[in-house]
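Engineer: Please work out how this folds:
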Amino acid sequence: MIILPLDWFPLNKPSAGDYFHMAYNIITPFLLLKLIERSPTTLPRSAVYLSIITFVMGTSIHLVGDSVNHRLILSGYQNHLSVRENPIIKDLKPTSLIDSFELLYYYDEHLGHSMWYLVTEGQIFVLYLFTFFAMAATVMRQKRLGYTLDSNGRFLLYNFIITLGLVVVWVAYLWNDNVLRKKYPSIIYVPEPWSYYTLHIKSS
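Structural biologist: Here you go, the predicted structure:
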């Protein structure tokens, strides 16, 4: 979106970012399947299929939600506010339209993200932590049995460690931001990058 801004494209047609997102939805599950094929031990085939189908469905929901959300931002939508607090939303008539936008937000930010495990989202960061600690425990157990990680395993583990470090820095930087604290009141506080963008970058 920085190289090819959204406002270069008709708002009722996919943008360059949307096409890249579509490519991601195809390429990533394909690569995951190829990696699973190379593994000497795998999950049952049905579990693999269900996981990939869930992943594709989640990324597809997220594609639609993000595509609409990006266009709303051009119209003045502020991601650091809730749907009902947004100036361009709360004056909609009939008011039942607000419920439709809240449903879109739910599909995008909650259901869609949960189905494809995006890390920098407060509502599913617990799932990421659980996965990370389960992975670390498995690695330590396998090490005691004399097994070591191959290059794919090391890449995945180091990726999770670096990601956790970056998220900790992100949260520490925004720890005292009262506006974002209000938007993300849960025990685990991980503000979304888009909320930071509309609050601190776009407004300036």
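Engineer: can you give me the helices for this structure?
Structural biologist: Listed from the start of the chain, the chain has helices (DSSP state H) covering 16-38, 45-74, 87-90, 96-105, 113-116, 125-144, 151-173, 178-183, 193-196.
Engineer: Just name the most buried of those.
Structural biologist: A comparison of the helices of the chain by mean neighbour count, using mean count of other C-beta atoms under 10 Å, puts helix 113-116 on top with a mean of 19. In short, each C-beta sits where N, CA and C put it, glycine included.
Engineer: pLDDT averaged over that one, what's the number?
Structural biologist: Helix 113-116 shows a mean pLDDT of 70 in the predicted model.
Engineer: Nearest to residue 81 among the helices of the chain would be which one?
Structural biologist: Go through the helices of the chain one by one with C-beta to C-beta and the one that ends up closest to residue 81 is helix 178-183, at 6.9 Å.
Engineer: For residue 24, give its distance to residue 18.
Structural biologist: 11 Å (C-beta to C-beta, to the nearest Å).
Engineer: now swap in residue 33 and tell me
Structural biologist: From residue 33 across to residue 18, the span is 24 Å (C-beta to C-beta).
Engineer: and if you look at residue 91?
Structural biologist: Residue 91 is 28 Å from residue 18, by C-beta to C-beta.
Engineer: dump the residue contacts of residue 88.
Structural biologist: Listed by C-beta atoms under 8 Å, 6 or more residues apart in numbering, the contact set of residue 88 reads 72, 75-77.
Engineer: For it, give me the pLDDT.
Structural biologist: According to the model's per-residue confidence, residue 88 sits at a pLDDT of 80.
Engineer: burial count for the residue found closest to it once you drop the neighbours it is linked to in the chain?
Structural biologist: By the measure of C-beta to C-beta, 6 or more residues apart in numbering, the closest residue to residue 88 outside its immediate chain neighbours is residue 76, 4.9 Å from it. Per other C-beta atoms under 10 Å, the neighbour tally for residue 76 reads 12.
Engineer: Ranked by average pLDDT, which of the helices of the chain falls at the bottom?
Structural biologist: Across the helices of the chain, helix 113-116 has the smallest mean pLDDT, namely a mean of 70.
Engineer: one step back: tabulate the contacts of residue 88 in JSON lines, adding columns for distance to residue 146.
Structural biologist: Converted to JSON lines, the contacts of residue 88 look like this (distance: C-beta to C-beta, whole Å):
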{"residue": "72", "distance to residue 146": "55"}
{"residue": "75", "distance to residue 146": "59"}
{"residue": "76", "distance to residue 146": "60"}
{"residue": "77", "distance to residue 146": "55"}
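Engineer: now, the most widely separated pair of those?
Structural biologist: Within the contacts of residue 88, two members stand farthest from each other by C-beta to C-beta: 72 and 76, at 8.0 Å.
Engineer: coming back round to it: so what sits against both of residue 24 and residue 18?
Structural biologist: What both residue 24 and residue 18 touch, as defined by C-beta under 8 Å, 6+ apart, is an empty set.
Engineer: Before I go, just wanted to say thanks for your time.
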